[in-house]
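> predicted model follows, preceded by the sequence.
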Amino acid sequence: QVQLVESGGGLVQAGGSLRLSCAASGSIFSINVMGWYRQAPGKQRELVADISRDGLTNYADSVKGRFTISRDNTKNPVYLQMNSLKPEDTAVYYCNADTVDAKTYRSLKVWGQGTLVTVSS
């Protein structure tokens with residue numbers, strides 16, 4: 001079983017920065033795409049950014065130029081550096097990973113429990 005644990009959320013003023021981290025543990029054979037999603041109150045969960053094992057990145061238009069996703073394949077965490085934060089970035093941020101289980105070799109899409117980011121105006 002694979003688990004994802006996020007950290008780094010909190011309260012920040014508009015214009016500030018936060019860095020989210022997500023660590024994977026458990027029965028992992030490999031991790032392919034890793035990503036960050038967010039869900040604001042009353043809205044659907046949306047993709048913020050994702051990154052392939054080869055380092056190819058993809059960003060939502062709303063965060064391009066402000067957020068940067070990165071990962072360390074040797075230690076499997078994924079990071080989201082968030083700069084120039086805006087009140088509309090307020091949401092619960094979820095880490096996601098496309099994994100292959102080391103015992104069963106099954107592909108599994110795993111979610112973290114979420115971390116709250118609140119940006120005050």
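That came through, no problem. Numbers count the residues shown, from 1 in each chain.

> residue contacts, Pro87?
Contacts for Pro87 (Cβ atoms under 8 Å, 6 or more residues apart in numbering) come out as 14, 119-121. The way it works is simple: take the backbone N, C-alpha and C, and place the C-beta from them, glycine included.

> got it, and Asn58?
Asn58 makes contact with 47, 49-51, according to Cβ under 8 Å, 6+ apart.

> switch to 7 Å and redo it
Shown in contact with Asn58 (Cβ atoms under 7 Å, 6 or more residues apart in numbering): 49-50.

> distance check, it against Ser27.
According to Cβ to Cβ, to the nearest Å, Asn58 and Ser27 sit 27 Å apart.

> list only buried entries from the contacts of Pro87.
Buried members of the contacts of Pro87, counted by 16 or more other Cβ atoms under 10 Å: Val119.

> which parts of this protein are strands?
Under the criterion DSSP state E, strands of the chain are mapped to 2-7, 10-13, 18-26, 28-39, 46-51, 57-59, 67-71, 78-82, 91-101, 107-111, 115-120.

> run through this protein and note the low-pLDDT ranges.
For the chain, the stretches with pLDDT under 70 are 75.

> got the contact list for the residue nearest the centre of it?
Note on the chain: the residue nearest the mean C-alpha position is Trp36, at 2.6 Å, using Cα atoms, centre = their mean. Going by Cβ under 7 Å, 6+ apart, Trp36 touches 20, 48-49, 69, 80, 93, 95.

> same thing but at 10 Å, please
6, 20, 22, 47-51, 59-60, 63, 67, 69, 78-80, 82, 93-96, 112, 115 (Cβ atoms under 10 Å, 6 or more residues apart in numbering).
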